[in-house]
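Q: coordinates only, sequence not included:
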Ligand SMILES: Cc1cc2nc3c(=O)[nH]c(=O)nc-3n(C[C@H](O)[C@H](O)[C@H](O)COP(=O)(O)OP(=O)(O)OC[C@H]3O[C@@H](n4cnc5c(N)ncnc54)[C@H](O)[C@@H]3O)c2cc1C
Ligand SMILES: Cc1cc2nc3c(=O)[nH]c(=O)nc-3n(C[C@H](O)[C@H](O)[C@H](O)COP(=O)(O)O)c2cc1C
Ligand code: FES
């Protein structure tokens, strides 16, 4: 294996990362759970489970089912609330020298803004990821992420509350025009984008005729959605080349991570792969370094968006 | 909890239905406690990406081999079918030991183990350990028919008093384990019950024990994605003690089977409605103080037999 030391440091609109590999929200808890298997400072950062203004209980079970090369989940953002995160999880993450990205969620613009406001003074939050794949109580439960106006309202409000912390809008692929939503998010002040959240899906037990998830619909993740992520990243990066993207969706290996980066992601987040192999993220860091050495690449920026479309 | 590769030492069958794999994995074997489980990855190139959880059925320390763990399973789907085809010397990728196991009595006690079908698996490891610590072990084992009773020979060997039940009457009493539970507890002077099996069985066992004020620890099986506490997919509605002036509804919290369990205090699990009506409102607000099962102080058993995690 070539031993050239590649430079893996990555900067996304002010979010400084040791390397371009994070763990995705909801797939590594608040870092504690996964730290049985890896050192959190060996990866670029930890995007913690989405947090809300007050604790959310989540949905009934079954909350997950396996699907071909993937899985569906309908967890319902069970979390203990932003205050618990600030007093219990964040200090622990800081002690572990982890780079922390706080994922926030809510059902109204006001809830998002209040959560962000509480994070403003918390020390150790490197960036905020805004999970707008949540039902909007003020718009007949339509997802914020499905409407450019609702997206802009949330991002604008959050950015105003935390002007000094980089914010990433996490977009849903279940829209007619992703570029339109991406544009609304960027104009409203998003420093970067996270692409993609899970795809909507449903599975039915044909014997009982019951949906396999208690929540009926769920979010599809895992390698099954990787091509969707690659396309979404490519489309948005082509339209907004200066908006940094945290790519996510089906990254299982270093080569998968490289694929998302070639499409236009500046960094990647590893999600479902953590369930399969809790050390996946650190293996991906090593594999990216190995790929860069093999191709004589000095810095990760050289890969970002470097897919060759012609010639 | 760690990830390791394990070599399969033996593959054997128990009765007509159950397969067993004995796996050499010293690191995991040495740490495993009764009631804990391991998560096994299927083929690396498989479209079935998630690990499959299995209780530790037996742990063997003796002999020239480093610690081995044994799992038993029946074939339910593609994953267990694949595992049933593995032979000696294959290696598998395991994460474990996971979860919080059974709490052992602090003084000598009469323990009754109640198992249904393949669900009885973790009770064998438990029986071995209880006996090592000098406790009395009695056993009720049930299944649909005699072929589905898990290792009845060892049940007879391990138990002071044992009862077998089959739904078709092909062995032991016709009926279910819960039909003979109260009278067996009476006869054996049972001080603590340990149960593992299908959900409705655990519900009834817990009810009977609660009525008789006998501590009951149950090991549950829930669908799991990560198996190590990261994803919140495996939750069980659990009632923690109601604080003064509090709405009892607010004292129901979702605990993770994989890390807060899989062993719970049977008296605290909200059995009926399997969580749907017990914790009805999606995303209902909870105060930060009442969501954390681990923060309720019940980590410290209140009496000698109080189980963990709720
Ligand atoms: C803590 C724990 C301990 C377990 N211990 C044992 C054991 O000792 N022996 C044993 O035979 N089985 C055990 N199980 C169940 C075992 O994990 C499943 O039978 C197995 O995952 C099925 O995989 P499959 O690919 O063959 O079936 P799939 O095709 O995935 O599913 C077939 C059927 O099995 C059910 N199933 C799938 N996963 C689980 C699960 N995690 N829990 C319960 N049911 C499931 C599905 O709902 C479906 O009905 C345990 C489960 C848990 C959570
Ligand atoms: C069980 C589970 C829980 C998730 N929870 C969240 C969440 O709370 N907030 C969020 O923004 N995304 C959540 N996600 C989405 C992931 O962060 C990720 O964007 C998505 O799964 C795609 O990546 P993957 O294919 O690598 O898993 C969750 C995904 C899974 C599988
Ligand atoms: S299976 Fe992921 S939290 Fe229990």
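A: Cool, the structure landed. Being a predicted model, the structure only gives us computed values, none of them experimental. Ligands and ions are numbered 1, 2, ... in the order given.
Q: count of neighbours near residue A:136?
A: Residue A:136: 21 surrounding residues under other Cβ atoms under 10 Å in any protein chain shown. From N, CA and C alone the C-beta is placed, and that goes for glycine too.
Q: so what's it closest to, chain neighbours aside?
A: Nearest residue to residue A:136 in three dimensions, chain neighbours excluded: residue A:144, at 5.0 Å (Cβ to Cβ, 6 or more residues apart in numbering or on different chains).
Q: go on, residue B:259?
A: residue B:229 (3.6 Å).
Q: just to revisit the earlier point, my guess is the residue nearest to residue A:136 contacts residue A:151, does it?
A: Yes: taking Cβ atoms under 8 Å as the definition, residue A:144 is a contact partner of residue A:151 at 5.8 Å.
Q: shared neighbours of the two, anything?
A: Residues touching both residue A:144 and residue A:151 (Cβ atoms under 8 Å, 6 or more residues apart in numbering or on different chains): residue A:132.
Q: Residue B:228 reaches residue A:34, doesn't it?
A: Yes: with contact defined as Cβ under 8 Å, residue B:228 and residue A:34 form a contacting pair (7.5 Å).
Q: Find the residues that touch each one of those two.
A: residue A:278.
Q: Helices of chain A, start to end?
A: With DSSP state H as the criterion, chain A has helices at A:82-84, A:90-95, A:109-120, A:148-161, A:178-187, A:226-239, A:254-263, A:273-276, A:280-294.
Q: now, of these, which is deepest in the fold?
A: Highest mean neighbour count of the helices of chain A: helix A:273-276, a mean of 26 (counted as mean count of other Cβ atoms under 10 Å in any protein chain shown).
Q: quick revisit: of the helices of chain A, which is nearest ligand 2?
A: Closest of the helices of chain A to ligand 2 is helix A:273-276, at 5.9 Å (criterion: Cβ to the nearest ligand atom).
Q: Which strands or helices does that closest one pack on?
A: Using 3 or more Cβ pairs under 8 Å, 6 or more residues apart in numbering or on different chains; DSSP states H and E, the elements in contact with helix A:273-276 are helix A:280-294.
Q: quick one: low-confidence ranges for the stretch 1-150 of chain B?
A: Low-confidence segments of the stretch 1-150 of chain B (pLDDT under 70): B:62-66.
Q: quick one: the strands in it?
A: B:2-14, B:18-24, B:37-40, B:52-55, B:58-60, B:68-73, B:91-98, B:110-116, B:136-143 (DSSP state E, counting those that start in this stretch).
Q: ok, residue B:215 touching residue B:193?
A: Yes: using Cβ under 8 Å, residue B:215 is in contact with residue B:193, at 7.2 Å.
Q: Pull up the overlap in contacts between the two.
A: Residues touching both residue B:215 and residue B:193 (Cβ under 8 Å, 6+ apart) are residue B:209.
Q: if we can go back for a sec, please compare residue B:228 and residue A:34 by neighbour count and tell me which comes out ahead.
A: More crowded of residue B:228 and residue A:34, by other Cβ under 10 Å: residue B:228, with 27 against 23.
Q: so how many other residues sit close to the closest residue in space to the more buried one that isn't next to it in sequence?
A: Distances taken as Cβ to Cβ, 6+ apart place residue A:33 nearest to residue B:228, at 5.5 Å, with adjacent residues excluded. Residue A:33 has 22 neighbours, counted by other Cβ under 10 Å.
Q: give me every residue that touches the closest residue to ligand 2 within the stretch 201-310 of chain B.
A: In the stretch 201-310 of chain B, the residue that lies nearest ligand 2 is residue B:231 (4.1 Å; Cβ to the nearest ligand atom). Shown in contact with residue B:231 (Cβ under 8 Å, 6+ apart): A:26-27, A:29, A:64, A:73, A:75, A:275, B:225.
Q: Check these and tell me the two furthest apart.
A: Among those, the pair separated by the greatest distance (Cβ to Cβ) is A:29 and A:64, at 15.1 Å.
Q: Up against ligand 3, what does chain B have?
A: B:224-227, B:229-234, B:256, B:258 (Cβ under 6 Å from any ligand atom).
Q: Any chance of the residues you listed in TSV with secondary structure, pLDDT and distance to ligand 1 as columns?
A: As requested, the residues of chain B next to ligand 3 are arranged in TSV below (DSSP: H, G, I helix; E, B strand; the rest coil; pLDDT from 0 to 100; distance: Cβ to the nearest ligand atom, whole Å):
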residue	secondary structure	pLDDT	distance to ligand 1
B:224	coil	97	5
B:225	coil	97	9
B:226	coil	97	11
B:227	coil	97	8
B:229	coil	96	13
B:230	coil	97	15
B:231	coil	97	13
B:232	coil	96	14
B:233	coil	97	10
B:234	coil	97	7
B:256	strand	96	11
B:258	coil	97	7
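Q: quick one: which of those residues is nearest residue A:105?
A: Looking across the residues of chain B next to ligand 3 and measuring by Cβ to Cβ, the closest to residue A:105 is residue B:232, at 13.6 Å.
Q: shouldn't the closest one be in contact with residue A:75?
A: Yes: with contact defined as Cβ under 8 Å, residue B:232 reaches residue A:75; the gap is 5.0 Å.
Q: Quick check: neighbours shared by these two?
A: Common neighbours of residue B:232 and residue A:75 (Cβ under 8 Å, 6+ apart) are A:26, A:58, A:63.
Q: how about the residue nearest to the second one when sequence neighbours are not counted, what does it touch?
A: Counting by Cβ to Cβ, 6+ apart, the nearest residue to residue A:58 once its immediate chain neighbours are dropped is residue A:78, at 2.9 Å. Counting by Cβ under 8 Å, 6+ apart, residue A:78 touches A:56-59, B:232, B:235, B:254.
Q: Top of these by number of neighbours, please.
A: For the contacts of residue A:78, the largest number of neighbours (other Cβ under 10 Å) sits with residue B:254, at 28 neighbours.
Q: Just give the nearest non-adjacent residue to that residue, would you?
A: Leaving aside its chain neighbours, residue B:254 sits nearest to residue B:235 (3.8 Å; criterion: Cβ to Cβ, 6+ apart).
Q: Distance of that neighbour relative to residue B:260?
A: Distance from residue B:235 to residue B:260, counting by Cβ to Cβ, to the nearest Å: 9 Å.
Q: wait, residue A:81 sits on residue A:51?
A: Yes: counting by Cβ under 8 Å, residue A:81 touches residue A:51, with 6.5 Å between them.
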